[in-house]
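Student: Need the 3D shape of this:
(chains A and B, ligands or ions: 2)
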Amino acid sequence: MNNVFEMLGKMFSYHFMVRAAVVGLLVSLCAALLGVSLVLKRYSMIGDGLSHVGFGSLAVASALGLAPMAVSIPVVMASAVLLLRLSGRAKLKGDALIAMISAASLAVGVIVLSLSDGTTGDVNNYLFGSVLAMTGEDVWLSVALAAVVLVLFVLFYRKMFAVTFDETFARATGEKVEGYHLLLACLTALTIVLGMRVMGAMLISSLIIFPALTAMRVCRSFRSVTICAAVVSVACFMLGLCLSYLLDTPTGASVVVVNVLAFLLFWVIGRARERA
Amino acid sequence: MALITCEKATFAYEGMPVVKELDLTVEKGQYLCIVGENGSGKSTLVKGLLGLLRPVGGRVFYGDGLKQTQIGYLPQRNDHQTDFPASVWEVASSGCRGLWMNATKRKQIKELLELLGVAHLEKRSFARLSGGQQQRVLLARALCATTSLLLLDEPVAGLDPVVTREMYDAIRMLHKERGLTVVMISHDVQAAMQEADHILHLSNSGSFYGTPFEYRHSDLGLAFFGGCCCHE
Ligand SMILES: Nc1ncnc2c1ncn2[C@@H]1O[C@H](COP(=O)(O)OP(=O)(O)OP(=O)(O)O)[C@@H](O)[C@H]1O
Ligand SMILES: [Mg+2]
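Tutor: Ligands and ions are numbered 1, 2, ... in the order given. Modelled structure (predicted):
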């Protein structure tokens, strides 16, 4: 046991680990908060689509030697707005279009990376994340992002609920529904771009989807779901990060596996409560 | 100036007109009941009045200082996402204006929940209430939202007779004492005649608008009643 603590102590003596932990925790928190609305509004697909677009834009940026964030943040935000429009329109076709855009961005990204002098290791890092990717700048960016998401979330919490619960009623009573959707999409885009390099493009959307679904197994009010999702998400990330260090497994995948286990645990608890 | 004016408004879905060239005014202080068969376009008209649906012909406009944010709306029973995590309190209070709750608003919601007999369910999960209980919570939400106009799409559908009575009493009280303008869709023509001061009957072959007295003696009214309630 002592051995484990010793190893964990050592783990945080690495600067890159501390950076990955800070970014990851903040991104997990934001993703969980936004995820509750996204999942309930059945916008989970958008999160998934955005992460693929993010991958494509990161790949292009690195091939062209541009600053990765400066390219992918605007691109992903613009796609967020686009995907939102698409899913708002004809429901069925919207889904298919999002899947198409995802696949297209992924394909472009992989090709660009293979044409530029990247190794398969690079592709792997982009797709499945790496704790080594974070720079000091990224840490500040994610602190700023987290601050923005938290402030906006708390400020508009009641409105987010109203718009998520019953869009028609919100619209009928004069709420700026489109504005809130746009806000949700942009914050999601930011969260995804920031989280993508630790978690990986393939896995970042799970940070959005899992905590909300997990919390919904046992919580019955919007507020308790939101709080529970935030706590679960942060805890799962921390646990996943430590496990990945101890077992020498990829970080993103470890975090997702911990999230899956948490989901199963909460599901069992939920079922047991239902029976009782 | 009327609160809402429809001028030759036509509402359509995918090019199929449902409400055709309707002229209608909703005056301040009015209690208007909309009746008509299933599919005659009542809900569609109300959505048009709310601005959720744009008229494909004619126009709909607000007057008399009416703002969208002063409207309360009770949608027709639609199956809400059955597993949405929300407490009764959260649903009812989502009708409230403003970003923050305060003591006055809390008190108002409490009173409304009490008025509608669902105050004891406050902490319960909305998704797990009975249909009638949900309906009452949604009415409380609509009442939180409104300061001048209340649009109700079949507010008593699915309620038991006692609660139906109470619901009508509550709406009448709000109409009389708070001076709310009420537009209500109902299949309960009897009650509509008693409660409302104006009736709009929509049908595919034309519409009728007038007082309950006029309606009773109109062709549409007679046909719709089937002559079942011509006592008095
Ligand atoms: N979203 C929609 N898309 C296409 N057609 C629709 C839509 N909503 C309603 N309609 C059609 O418009 C017509 C009028 O519908 P509406 O819901 O306004 O009827 P209603 O008078 O409210 O009926 P009910 O008494 O059953 O509530 C119906 O024929 C319906 O099929
Ligand atoms: Mg209807």
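Student: In contact with the most centrally placed residue in chain B, which residues?
Tutor: For chain B, the residue whose C-alpha lies nearest the mean C-alpha position (CA atoms, centre = their mean) is B:Leu152; its distance is 1.1 Å. With contact set as CB atoms under 8 Å, 6 or more residues apart in numbering or on different chains, B:Leu152 has these partners: B:73-74, B:139, B:142, B:171, B:182-185. Every C-beta, even on glycine, is put in place using the N, C-alpha and C of the backbone.
Student: change it to 10 Å
Tutor: By CB atoms under 10 Å, 6 or more residues apart in numbering or on different chains, the residues touching B:Leu152 are B:33-34, B:46, B:72-76, B:138-139, B:142, B:167, B:171, B:182-186.
Student: now swap in B:Thr104 and tell me
Tutor: By CB under 10 Å, 6+ apart, the contact set of B:Thr104 is B:Cys96.
Student: Tell me which helix or strand it sits in.
Tutor: Using DSSP states H and E, the element containing B:Thr104 is helix B:103-115.
Student: export that helix as CSV, just CAs?
Tutor: Below are the C-alpha coordinates for helix B:103-115, written out as CSV (Å, rounded to 0.1, in the frame of the first residue of the first chain):
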residue,chain,number,x,y,z
ALA,B,103,-38.1,34.8,-1.6
THR,B,104,-41.0,36.4,-3.4
LYS,B,105,-40.8,34.0,-6.3
ARG,B,106,-40.5,31.0,-4.0
LYS,B,107,-43.6,32.2,-2.1
GLN,B,108,-45.5,32.6,-5.3
ILE,B,109,-44.6,29.1,-6.5
LYS,B,110,-45.5,27.6,-3.1
GLU,B,111,-48.9,29.3,-3.3
LEU,B,112,-49.6,28.1,-6.8
LEU,B,113,-48.6,24.6,-6.0
GLU,B,114,-50.9,24.8,-3.0
LEU,B,115,-53.7,26.2,-5.1
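Student: Next, the buried residues of it.
Tutor: Under the neighbour-count criterion of 16 or more other CB atoms under 10 Å in any protein chain shown, helix B:103-115 has B:105, B:108-110, B:112-113, B:115 buried.
Student: which one of the residues you listed is nearest ligand 2?
Tutor: B:Leu112 (24.2 Å; CB to the ion).
Student: The closest one touches B:Glu122, doesn't it?
Tutor: No. Under the criterion of CB atoms under 10 Å, B:Leu112 makes no contact with B:Glu122, lying 11.4 Å away.
Student: Now name the helix or strand holding residue 61.
Tutor: Here I'm looking at chain A. helix A:44-64.
Student: was after chain B, sorry
Tutor: Under the criterion DSSP H and E, the helix or strand holding B:Phe61 is strand B:57-62.
Student: Contacts for that strand next, please.
Tutor: Strand B:57-62 is contacted by residues B:1-12, B:17, B:19-24, B:26, B:45, B:48-51, B:53-54, B:68, B:70-71, B:149 when judged by CB under 10 Å, 6+ apart.
Student: Name the residues of the helix or strand that it is followed by that come out as buried.
Tutor: Heading C-terminal from strand B:57-62, the first helix or strand you meet, by DSSP H and E, is strand B:71-74. For strand B:71-74, the buried set under the neighbour-count rule, 16+ other CB under 10 Å, comprises B:71-74.
Student: residues touching the nearest residue to B:Val91 once chain neighbours are set aside, list them.
Tutor: Once flanking residues are discounted, B:Val91 sits nearest to B:Phe126: 4.8 Å by CB to CB, 6 or more residues apart in numbering or on different chains. For B:Phe126, the contact set (CB under 10 Å, 6+ apart) comprises A:165, A:220-222, B:80, B:84-92, B:133-134, B:137-138.
Student: ok, B:Phe126 to A:Phe128 distance?
Tutor: 40 Å (CB to CB, to the nearest Å).
Student: Could you do B:Arg124 as well?
Tutor: Counting by CB to CB, the gap from B:Arg124 to A:Phe128 is 43 Å.
Student: can you pull out the strands in chain A?
Tutor: Shown for chain A, no strands are assigned by DSSP state E.
Student: Could you report the pLDDT at whichever residue of it sits closest to chain B?
Tutor: Residue nearest to chain B within chain A (CB to the nearest CB): A:Gly174, separated by 3.2 Å. pLDDT, A:Gly174: 91.
Student: Just give the number of residues close to it.
Tutor: If you count neighbours by other CB atoms under 10 Å in any protein chain shown, A:Gly174 ends up with 16.
Student: same check, this time on the one 5 residues further on
Tutor: A count of nearby residues for A:Gly179, using other CB under 10 Å, gives 12.
Student: So it sits against A:Leu152, correct?
Tutor: No. Counting by CB under 10 Å, no contact exists between A:Gly179 and A:Leu152, whose distance comes to 11.6 Å.
Student: Give me the neighbour count for B:Met167.
Tutor: Close neighbours of B:Met167, defined as other CB under 10 Å, add up to 21.
Student: Next one: it from A:Leu239, what distance?
Tutor: Per CB to CB, B:Met167 is found 51 Å from A:Leu239.
Student: Check the burial of B:Thr164 by counting its neighbours.
Tutor: Close neighbours of B:Thr164, defined as other CB under 10 Å, add up to 17.
Student: if I pick it, what's in contact with it?
Tutor: Neighbouring residues of B:Thr164 by CB under 10 Å, 6+ apart: B:132, B:155-158, B:188, B:191.
Student: Kindly recompute the last result at 6 Å.
Tutor: By CB atoms under 6 Å, 6 or more residues apart in numbering or on different chains, the residues touching B:Thr164 are B:Val156.
Student: State the phi and psi torsions of it.
Tutor: According to degrees, to the nearest 10, the main-chain angles of B:Thr164 amount to phi -60, psi -50.
Student: Please name the spatially closest residue to B:Asp188 (chain neighbours excluded).
Tutor: Spatial nearest neighbour of B:Asp188, excluding adjacent residues (CB to CB, 6+ apart): B:Val156 at 6.4 Å.
Student: so the one you found is in which element?
Tutor: Element membership for B:Val156 (DSSP H and E) is empty, with no helix or strand holding it.
Student: In a strand, the residue nearest to the centre of chain B, correct?
Tutor: Yes. The assignment for B:Leu152 (DSSP: H, G, I helix; E, B strand; the rest coil) places it in a strand.
Student: now it, which residues is it bridged with?
Tutor: The bridge-partner assignment for B:Leu152, based on DSSP bridges, gives B:Leu74, B:Met184.
Student: Count the neighbours of A:Leu40 for me.
Tutor: 22.
Student: now swap in the one 4 residues further on and tell me
Tutor: By the criterion of other CB under 10 Å, A:Ser44 has 17 neighbours.
Student: can you pull the contacts of it?
Tutor: Shown in contact with A:Ser44 (CB under 6 Å, 6+ apart): A:38, A:209.
Student: Retrieve the pLDDT associated with the closest residue to A:Arg220 other than its chain neighbours.
Tutor: Taking CB to CB, 6+ apart as the measure, A:Arg220 lies nearest to B:Ser125, with 4.0 Å between them; neighbours along the chain are not counted. Taken from the predicted model, the pLDDT recorded for B:Ser125 is 94.
Student: Let's verify B:Phe208: helix, strand, or coil?
Tutor: At B:Phe208 the chain is in strand, as set by three-state DSSP.
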